[in-house]
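Undergrad: Need a 3D model of the sequence below.
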Amino acid sequence: MSPVNIIRKAKEDQLDIIAITDHNSTKHCKSAQQIGSRYGITVIAGAEVNTEEEIHALAFFENLDQAARFQQFLDDKLTAIRNKPDVFGHQFVVDENEDILEEEERLLVASLKAGIDEVAKQVALLNGIFIPAHINRPHNGIFSQLGFLPDYIRYDALEVSRMNALEEFLKAHPETVNYCLVTNSDAHSLKQVGSSRTSFYLEEPTFQEIRMALGNINGRKVKVI
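TA: Next up, the predicted model:
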């Protein structure tokens, strides 16, 4: 799951746009974007955040400066638990040549000392895109953890998993009809890359065009396939 291997697999699967969303980290976004540019793939910088409530949420940013500022927030809020490489594996940060730059010693799957509302506000301050992840899963989704969808938080979309009785879930939660739905592979192994995808109807593969598609603005739109 190094950046170069992810990009190569995305190219094989004919993906045009991917996002790098390591757990509570944005540190691989730069190398992934550098490699993606060589393969003709747009790489969106992001992170999959584990909030204080153990809710997984996706944060996406237009540029690396915003991602780096969000990294400062993550570093400040991440619960200090030491990683056990023999259990969870090494957490190496590598460059575009796969040279190791550092090893993250904190357990990145730990929760933040920040609730979903604080995380959403931080993403908004950085003009990012905020999307609660796999809301229909029985764990680490906003419904499984809270039981409802707070209406005081700004969501740019909701991510759904195709593997968990999606139609039944959406019928049981009619409030989701008010939001754009997307699906992603949530790949934790190379074979999962591209296993689930969303079509974006854009004029060009840029962050702002993606934001417009999520808002169904000026003919831009998304379609879960």
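Undergrad: Which other helices and strands does the helix or strand encompassing A57 contact?
TA: Following DSSP states H and E, one finds A57 within strand 56-61. Contact partners of strand 56-61 among helices and strands, from 3 or more Cβ pairs under 8 Å, 6 or more residues apart in numbering; DSSP states H and E: strand 42-50, helix 64-77, helix 116-125, strand 129-132, helix 207-214. The way it works is simple: take the backbone N, C-alpha and C, and place the C-beta from them, glycine included.
Undergrad: again, only this time at 10 Å
TA: For strand 56-61, the elements it packs on are strand 17-20, strand 42-50, helix 64-77, helix 116-125, strand 129-132, helix 142-146, strand 158-159, helix 207-214, judged by 3 or more Cβ pairs under 10 Å, 6 or more residues apart in numbering; DSSP states H and E.
Undergrad: per-residue confidence averaged over the last one?
TA: Pointing back at helix 207-214 there. Per-region confidence: helix 207-214 scores 98 on mean pLDDT.
Undergrad: Now do it against strand 56-61, angle only.
TA: Here helix 207-214 runs at 130 degrees with respect to strand 56-61, directions being taken by axes from the mean of the first three to the mean of the last three Cα atoms, to 10 degrees.
Undergrad: So the residue of the chain positioned farthest from its centre, which state does it fall into?
TA: For the chain, the residue at maximal distance from the C-alpha centroid (Cα atoms, centre = their mean) is D86, at 25.9 Å. When classified by DSSP: H, G, I helix; E, B strand; the rest coil, D86 comes out as helix.
Undergrad: All further residue positions should be reported with the first residue as 285.
TA: Okay, residue one is now 285; in that scheme the one you just asked about reads as D370.
Undergrad: could you dump the helices and strands packed on strand 340-345 to TSV with distance to R504?
TA: Formatted as TSV, the helices and strands packed on strand 340-345 follow (distance: least, Cβ to Cβ, whole Å):
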stretch	distance to R504
strand 301-304	13
strand 326-334	15
helix 348-361	21
helix 400-409	20
strand 413-416	14
helix 426-430	25
strand 442-443	18
helix 491-498	4
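Undergrad: Can you list the low-confidence ranges for this protein?
TA: Where the chain drops to pLDDT under 70, the residues are 448.
Undergrad: Now the most centrally placed residue in it: closest residue in space, sequence neighbours ignored.
TA: The structure's the chain has its C-alpha centroid closest to L342; by Cα atoms, centre = their mean the separation is 3.7 Å. Using Cβ to Cβ, 6 or more residues apart in numbering and skipping the chain neighbours, the partner closest in space to L342 is I415 (4.4 Å).
Undergrad: Could you check how far the one you found is from V466?
TA: Distance of I415 to V466, computed by Cβ to Cβ, to the nearest Å: 7 Å.
Undergrad: These two - which one has more neighbours?
TA: Counted by other Cβ atoms under 10 Å, I415 and V466 do not tie: I415 has more neighbours, with 26 against 23.
Undergrad: thinking that one is in contact with I437, fair?
TA: No: counting by Cβ atoms under 10 Å, I415 does not reach I437; the two are 11.3 Å apart.
Undergrad: Relative to T482, how far out is A352?
TA: With distances taken as Cβ to Cβ, A352 is found 26 Å from T482.
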